[in-house]
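Enquirer: Kindly generate the corresponding structure for this input.
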Amino acid sequence: MSPLSSTVGNKRMNLYLDIDGVILGTNPPTSQGVVLARHAADFLAFAVERFDCFWLSTHCKGDVQPVIEYLRPHVAEGMVPLLRHVGPTSFDVLKTEALRGDFYWIDDSPLQAELAWLATRGMLDRWICVNTRQRPEDLLSAMNVLRAALEQPTKEVKHV
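Expert: Numbering: from 1, shown residues only. Prediction:
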């Protein structure tokens, strides 16, 4: 395990990942075409080494295979095994239904109700805004935020 691994006790911290606008973006930002976001491969390698990662997307619905098929046209074949290191989630309406344990959540546009859910629990700081459609370098910024968080003592979150 990396010296910068996210653990609380012996358990790794969860990292929830949106796909559209996070892992997939546009290049350049004014383009309509969807591409693998800049730094996505490096970000995912960083994330799976340090966190228990989960897809938090409407593309998932409890199974990673639809996510793999959705991302496959945008990634090199060698990246598919890395995608499989990210587990599935399932939710009905709000993505916050799937959040568990001590976590960070990376998303470009959570719903107001999801942000309110975080705020009422004092966890708004656990959402990291990444929008690779508008800011192609956001995954680098997210890595820096997560790296800094890993270097600080973590309080255990007991909420769900």
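
Enquirer: List the contacts of Trp55.
Expert: Neighbouring residues of Trp55 by CB atoms under 8 Å, 6 or more residues apart in numbering: Tyr16, Leu17, Ile19, Val64, Val67, Val86, Gly87, Pro88, Thr89. Where you see a C-beta, it was placed from the backbone N, CA and C, and this is true even at glycine.

Enquirer: May I ask which of the residues you listed has the most neighbours?
Expert: Tyr16 (27 neighbours; other CB atoms under 10 Å).

Enquirer: Got the phi and psi for that one?
Expert: phi -100, psi 130 (degrees, to the nearest 10).

Enquirer: Quick one: residues in contact with stretch 24-35.
Expert: Taking CB under 8 Å, 6+ apart as the rule, stretch 24-35 contacts 20, 36-38, 40, 71, 74, 131-136.

Enquirer: Narrow those to those that are buried.
Expert: The neighbour count (16 or more other CB atoms under 10 Å) marks Asp20, Leu36, Ala37, Arg38, Ala40, Leu71, His74, Asn131, Thr132, Arg133, Arg135, Pro136 as buried among these.

Enquirer: can you redo the residues you listed as TSV with secondary structure, pLDDT and distance to Phe46?
Expert: Below are the buried ones among the contacts of stretch 24-35 laid out as TSV (DSSP: H, G, I helix; E, B strand; the rest coil; pLDDT from 0 to 100; distance: CB to CB, whole Å):
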residue	secondary structure	pLDDT	distance to Phe46
Asp20	strand	96	20
Leu36	strand	96	15
Ala37	coil	96	14
Arg38	coil	94	14
Ala40	helix	97	11
Leu71	helix	97	17
His74	helix	95	19
Asn131	coil	97	19
Thr132	coil	96	15
Arg133	coil	94	21
Arg135	coil	94	18
Pro136	coil	93	17
